[in-house]
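*Asks:* Sharing a model prediction with you, sequence too.
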Amino acid sequence: MYLINQPTNNMERTSMRKTKKTKGQMRLVEALLASFIIMLAITFLNVFAVTPLSPKYEPSNLEKMGNNVLHDLDEKRLLSRFIYNEDWVTLTMALMVSLPPEIYFDLTVYYLNWTVANDETMRYGDIDVFENSSYIASVTYIVPGYQTNYDPRILVLQLVER
């Protein structure tokens, strides 16, 4: 009986050795497969990732900045006063002071029927910057009237980074 059990024991040892080797190999295959899937996922995500256009000012940040500047001037009741008194030079100076120096702007004021209200150009910066820039942020702002008069004006402010 002792002789019968011993070969069985050797067979068990042999099969256990084979199983242990197979388990190590399978772990290695699993690790390689997992790293391949992770690399594939990262590559796939990089294709569809939206990277910022500029570390300083993205167009959405420029739009927010332009909207905030016009809103601040409107809250101080300066914007409507400049527009309805047609004080375009002072409005241009107020925008130049309110915006950072590396941001160029072009402001056009329209009547409600979209005819141009300002006879002077309100611009800070060279026109070539606007023509050659690939990203121009545009903000539309409506001023309803001045004091008690309802006479809406539409402001279109275009911003570009120098």
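*Replies:* Alright, I've got the coordinates.
*Asks:* can you give me the mean pLDDT across the top strand by length along the chain?
*Replies:* Counting by DSSP state E, the longest strand found in the chain is strand 149-161. Averaged across strand 149-161, the pLDDT comes to 91.
*Asks:* Stretch 98-107 now?
*Replies:* Averaged across stretch 98-107, the pLDDT comes to 92.
*Asks:* related to what we said a few turns ago, what strands line up against the longest strand of the chain, and which way round?
*Replies:* With DSSP bridges as the test, strand 149-161 is paired with strand 103-110 (antiparallel), strand 137-146 (antiparallel).
*Asks:* buried set for the last one?
*Replies:* For strand 137-146, the buried set under the neighbour-count rule, 16 or more other Cβ atoms under 10 Å, comprises 137, 139, 141, 143, 146. (C-beta placed from N, C-alpha, C; glycine too.)
*Asks:* Output those in JSON lines, with pLDDT appended to each entry.
*Replies:* What follows is the buried residues of strand 137-146, written out as JSON lines (pLDDT from 0 to 100):
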{"residue": "A137", "pLDDT": "90"}
{"residue": "V139", "pLDDT": "93"}
{"residue": "Y141", "pLDDT": "94"}
{"residue": "V143", "pLDDT": "92"}
{"residue": "Y146", "pLDDT": "82"}
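*Asks:* okay if I get these as CSV plus distance to P152?
*Replies:* Converted to CSV, the buried residues of strand 137-146 look like this (distance: Cβ to Cβ, whole Å):
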residue, distance to P152
A137, 23
V139, 16
Y141, 11
V143, 7
Y146, 10
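*Asks:* Can you name the two of the residues you listed that sit furthest apart?
*Replies:* Maximum pairwise distance in those, criterion Cβ to Cβ, is 26.9 Å, between A137 and Y146.
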